[in-house]
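Asks: generate coordinates for the sequence data below:
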Amino acid sequence: MTDPDTLSRDIHALKELQRVAWSQLASPTLTTFDRREIRNRIRQSGAELKTYLQMRSEHMGFPLHPVLDTGQRPAKPQFRLLVAD
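Replies: Residues are numbered from 1 along each chain as shown. Model (predicted):
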């Protein structure tokens, strides 16, 4: 399952599944149970999509690392007032 073509195809399929599920969720004729099931499907496909995106990122050589807070703040900008005469 680490084949790039397979990962791309699975990612595309999951994105399409989420797009369709969101459009179905907008239907006013759905029951409460149907809405809950669609939201569960969106959550499950979102988790799978995240896993596949991480796998593709690692495969392409772009590991996802959290940004470390170094405690340094950007330099304070120097503002100048310009007067137009």
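Asks: residues contacting the closest residue to Leu7 other than its chain neighbours?
Replies: Excluding its sequence neighbours, the residue lying closest to Leu7 (Cβ to Cβ, 6 or more residues apart in numbering) is Arg56, at 4.8 Å. The C-beta positions use only the backbone N, C-alpha and C, and glycine is treated the same way. Residues in contact with Arg56 (Cβ atoms under 8 Å, 6 or more residues apart in numbering) are 4, 7-8, 11.
Asks: report the secondary structure state of Leu30.
Replies: coil (DSSP: H, G, I helix; E, B strand; the rest coil).
Asks: and it, how far is that from Ile38?
Replies: Distance of Leu30 to Ile38, given as Cβ to Cβ, to the nearest Å: 7 Å.
Asks: so the two - more neighbours on which side?
Replies: Ile38 (17 against 14; other Cβ atoms under 10 Å).
Asks: and the helix or strand containing that one, what's buried?
Replies: Using DSSP states H and E, Ile38 falls within helix 32-59. Across helix 32-59, burial judged by 16 or more other Cβ atoms under 10 Å covers 38, 41-42, 45, 49, 52, 55-56.
Asks: related to what we said a few turns ago, ok, so of the contacts of Arg56, who is nearest Val83?
Replies: Val83 lies nearest to Ile11 out of the contacts of Arg56, by Cβ to Cβ, at 55.6 Å.
Asks: give the contact list for the closest one.
Replies: Contacts of Ile11 by Cβ under 8 Å, 6+ apart are 49, 52-53, 56.
Asks: least confident of the residues you listed?
Replies: Among the contacts of Ile11, Arg56 carries the lowest pLDDT, at 86.
Asks: please tell me how far that residue sits from Asp3.
Replies: Taking Cβ to Cβ as the measure, Arg56 falls 11 Å from Asp3.
Asks: Ser57 too?
Replies: Separation of Ser57 from Asp3 (Cβ to Cβ) stands at 15 Å.
Asks: before we move on, the earlier item: got any residues that touch both of Leu30 and Ile38?
Replies: Counting by Cβ under 8 Å, 6+ apart, the residues touching both Leu30 and Ile38 are Gln24.
Asks: who's in contact with the residue most central in space within the chain?
Replies: Centre of the chain computed as the mean C-alpha position; nearest residue by Cα atoms, centre = their mean is Lys50, 7.1 Å away. With Cβ under 8 Å, 6+ apart as the criterion, no residue contacts Lys50.
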